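> I would like to see how this sequence folds:
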Amino acid sequence: MNVKLFASRRVALALATVVAGASAAAMPAMAQAPVIVGNQTATATVESVDHEAGMILLRDKTGNLDTVRVDPDLRAKLPVLNPGDKIGLRIVRTIDASIAPPGAPLPESTENAAGTRTGPHPHGMMVSFKRERVKVTGVDTTRNQVVFVDPDDITRVVLVRQKAMQDFLKTLKPGDEVDTTVMDAVSFSVLSRLPS
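I've put the predicted structure just below:
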């Protein structure tokens, strides 16, 4: 699951966007621990639901509409939402990175979901770990910027704001391959439901 598919970037932004005991020689450089880069809460009203396609239209408290999609393999684990449901959302995002050892297999992304479908306030949670390997092409520690090529062969420039990641940035050099993990956790609960 890509949280962008469940809660679009606009919804996420509008509704709010370690190595212990090992020597540096034994382990590749990595950030100290996953860094929280987003933690938002919000409420929304379900406007419409296409159960077959997994599409949900949400209206936030300012009236903005956003269409979100739940991947088919996760739908059966989550409660069914109905038009008129008022839901509470919490969206948490973390990022982690480590230099990939030579010859290491490519990282694999994973996703899962869980929830309860009964009671007056059904709730659910989806967690995804989007993992990918990028190739560093430039590092500017005075501006805290890194330039890299992603798996789609797109060059990206990122401003690194978190202290732990800035420390990691200082260990990078052009040519390094870095495994990144973005964890998105989206939880929701039906706060009120129209009578059936």
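> quick one: the helices in the protein?
In the chain, the segments counted as helices under DSSP state H are 3-6, 9-14, 72-75, 163-169.
> gap between the last one and the chain center?
Yep, that's helix 163-169 we're talking about. Mean C-alpha position of helix 163-169 versus that of the full chain (CA atoms, centre = their mean, to the nearest Å) differs by 20 Å.
> same check on the third one?
Taking CA atoms, centre = their mean, one finds the center of helix 72-75 at 17 Å from the center of the full chain.
> tell me what it is packed against?
strand 110-116 (3 or more CB pairs under 8 Å, 6 or more residues apart in numbering; DSSP states H and E). Where C-beta positions appear, they are placed from N, C-alpha and C, glycine not excepted.
> which residues are in contact with the strand it packs on?
In this structure, residues lying in contact with strand 110-116 by CB atoms under 8 Å, 6 or more residues apart in numbering are 1, 71, 74, 77-79, 122-129, 131.
> sketch out the low-pLDDT regions of the protein for me.
Within the chain, the segments meeting pLDDT under 70 span 1-32, 195-196.
> for the protein, what's the longest strand?
With residue count as the measure and DSSP state E as the assignment, the chain has strand 123-140 as its longest strand.
> who does that one pair with, and is each partner parallel or antiparallel?
Strands flanking strand 123-140 in the sheet, each with its direction: strand 110-116 (antiparallel), strand 145-149 (antiparallel), strand 177-192 (antiparallel) (DSSP bridges).
> quick one: which two of the contacts of strand 110-116 are the most distant?
Checking these against each other with CB to CB, the farthest-apart pair comes out as 122 and 131, at 30.2 Å.
> between the two, which is the more surrounded one?
More crowded of residue 122 and residue 131, by other CB atoms under 10 Å: residue 122, with 19 against 16.
> so who does the more buried one touch?
79, 80, 115, 116, 189, 190.
> would you list the buried entries among these?
Among the contacts of residue 122, those classed as buried by 16 or more other CB atoms under 10 Å are 79, 115, 189, 190.
> who's the last one bridged to?
The partner list for residue 190 in beta bridges (DSSP bridges) reads residue 87.
> residues touching it, list them.
Residue 190 makes contacts with 79, 81, 85, 86, 87, 120, 121, 122, 123, as judged by CB under 8 Å, 6+ apart.
> just the third one next, same as before
Shown here is residue 189, whose contacts under the criterion CB under 8 Å, 6+ apart are 87, 88, 121, 122, 123.
> contacting residues around the last one?
By that I understand residue 123. 79, 115, 116, 187, 188, 189, 190.
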